[in-house]
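**Student:** Sequence and predicted structure, then a few things I'm wondering about:
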Amino acid sequence: MHEVRGVVSMTKGAPVTVETVLVPDPGPGEALVDVQACGVCHTDLHYREGGINDDFPFLLGHEAAGVVSAVGEGVTEVAPGDYVILNWRAVCGQCRACRRGRPWYCFATHNATQKMTLADGTPLSPALGIGAFVEKTLVAAGQCTKVNADASPDVAGLLGCGVMAGIGAAINTAGVTRGDSVAVFGCGGVGDAAIAGARLAGAHTIIAVDVDDRKLQWASEFGATHTVNAKNQDPVEAIKAITAHGADVCIEAVGNPAVFQQAYDARELAGTLVLVGVPTPDMTWTTPLLDIFGRGGSIKSSWYGDCLPSRDFPMLIDLYLQGRLPLEKFVSEKIGIDDVESAFAKMHDGDVLRSVVMFS
Ligand SMILES: NC(=O)c1ccc[n+]([C@@H]2O[C@H](COP(=O)([O-])OP(=O)(O)OC[C@H]3O[C@@H](n4cnc5c(N)ncnc54)[C@H](O)[C@@H]3O)[C@@H](O)[C@H]2O)c1
Ligand SMILES: [Zn+2]
Ligand SMILES: [Zn+2]
């Protein structure tokens with residue numbers, strides 16, 4: 001048993017606090033990881049607001065990189081000393097999706113079996129089955145993906161969630177390819193990652209849409225060829241003017257039905273529309289069926305960028321190390337374990353792409 005400090009959301013809506021967390025030694029199939037860095041994601045805030053479920057208290061944090069310090073019985077895929085990114089898609093290999101050769105849709109992903117607890121023994125619910133705003137965390141061994149240790153942990157950890165979701169939405173879900181025109185609605189960490197992914201895949205025109213000029217400036221640095229401030233301009237008209245028809249691929253990275261409608265309207269005939277932004281339960285979308293039929297193409301949603309961590313994380317880290325994917329630009333600031341609550345405020349105000357908690 002290890003006694004460490006971690007960021008806990010004790011009750012719905014209350015500010016997070018740093019608590020003593022008890023972490024068991026790894027049992028069969030589990031790995032203990034010394035967390036080196038963990039990014040602050042919008043989903044952590046969703047947990048603290050009770051937007052995901054009511055299983056308080058939560059151990060927050062899930063975009064992390066670190067070093068495996070111990071493994072349990074039967075673990076062969078990682079060993080102590082391995083430098084890893086944590087993932088929330090440790091595929092089972094046996095469910096119907098896995099057996100059909102589509103493991104990124106796995107229905108039975110693995111998490112640690114044993115519980116991390118508060119000092120009084122109260123079990124903690126780890127965010128996305130990880131829980132990584134903590135000095136040591138316990139995960140399923142399959143949640144550890146080994147990558148090149150030349151990539152620093154603040155940068156590498158971000159691939160564990162939002163950045164992978166955006167890059168994968170463009171590359172895996174939309175299948176962006178050379179010559180495509182792509183419009184990305186919402187240029188936070190996820191949208192900018194979709195822009196970076198579109199550039200990597202060879203898109204010709206990449207249009208960034210946001211309501212904040214600072215975000216549009218950053219989007220240009222990730223590869224947007226055009227920017228549209230939807231506060232000043234109708235984005236649908238602007239995209240049609242830039243592309244002379246509509247965008248081959250439209251990616252919604254806000255989670256807003258009005259923005260989804262704009263993305264739908266800005267799409268070229270037979271184009272692809274991808275929803276990455278997470279809607280709330282009250283949101284609906286209505287459109288004439290004949291219009292969906294007449295326009296052809298596809299409407300898809302993208303979870304975690306349809307990624308396969310074992311395939312995608314090492315490849316994307318290598319592209320970063322080759323200077324072909326500017327992952328370091330997502331790190332707006334490095335903070336301490338006590339600063340997560342203030343990082344939520346900065347995220348809310350749009351001041352950062354990612355704040356990253358550093359452990360050392
Ligand atoms: N599908 C997945 O697997 C997955 C994974 C991680 C995050 N997400 C979701 O992706 C979304 C974006 O996450 P993020 O971390 O980038 O959030 P963020 O808050 O950093 O970014 C959202 C951006 O949208 C912009 N925006 C707001 N209203 C807009 C409008 N009307 N038109 C255009 N732009 C507008 C904001 O200015 C901001 O730049 C969230 O809903 C998040 O929950 C999805
Ligand atoms: Zn499976
Ligand atoms: Zn996340």
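**Tutor:** That came through fine. Ligands and ions are numbered 1, 2, ... in the order given.
**Student:** contacts, neighbours, all on C-alpha from now
**Tutor:** Noted.
**Student:** Name the residues of the protein found near ligand 2, please.
**Tutor:** 91, 92, 93, 95, 98, 106 (CA under 5 Å from the ion).
**Student:** can you pull out the helices in the stretch 201-350 of the chain?
**Tutor:** According to DSSP state H, counting those that start in this stretch, the stretch 201-350 of the chain carries its helices in the segments 213-222, 235-243, 257-265, 289-295, 309-321, 340-348.
**Student:** Dump these into JSON lines; add mean pLDDT as well.
**Tutor:** Shown next, in JSON lines, are the helices of the stretch 201-350 of the chain (pLDDT from 0 to 100):
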{"stretch": "helix 213-222", "mean pLDDT": "97"}
{"stretch": "helix 235-243", "mean pLDDT": "98"}
{"stretch": "helix 257-265", "mean pLDDT": "98"}
{"stretch": "helix 289-295", "mean pLDDT": "96"}
{"stretch": "helix 309-321", "mean pLDDT": "98"}
{"stretch": "helix 340-348", "mean pLDDT": "95"}
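**Student:** Nearest to residue 137, out of those?
**Tutor:** For residue 137, the closest of the helices of the stretch 201-350 of the chain is helix 340-348, at 17.4 Å, according to CA to CA.
**Student:** Pull up the gap between the residue lying farthest from the centre of the chain and ligand 2, please.
**Tutor:** Centroid-distance maximum for the chain: residue 290 at 34.1 Å, with CA atoms, centre = their mean. Distance from residue 290 to ligand 2, counting by CA to the ion, to the nearest Å: 36 Å.
**Student:** One more: residue 316?
**Tutor:** Taking CA to the ion as the measure, residue 316 falls 23 Å from ligand 2.
**Student:** And for residue 199?
**Tutor:** In terms of CA to the ion, residue 199 sits 31 Å off from ligand 2.
**Student:** Pretty sure that residue sits against residue 225.
**Tutor:** No - applying CA atoms under 8 Å, one finds residue 199 not in contact with residue 225, separated by 9.6 Å.
**Student:** Can you pull the residues that touch both of these two?
**Tutor:** Jointly contacting residue 199 and residue 225 under the rule CA atoms under 8 Å, 6 or more residues apart in numbering are residue 206.
**Student:** So if I had to pick from the two, which one is more boxed in?
**Tutor:** The residue with more neighbours, out of residue 199 and residue 225, is residue 199; 27 against 17, by other CA atoms under 10 Å.
**Student:** can I get the helices of the stretch 201-350 of the chain in CSV with distance to residue 205?
**Tutor:** Formatted as CSV, those follow (distance: least, CA to CA, whole Å):
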stretch, distance to residue 205
helix 213-222, 12
helix 235-243, 8
helix 257-265, 16
helix 289-295, 21
helix 309-321, 21
helix 340-348, 28
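**Student:** Go through those helices and name the closest to residue 158.
**Tutor:** With CA to CA, the closest approach to residue 158 among the helices of the stretch 201-350 of the chain belongs to helix 309-321: 10.3 Å.
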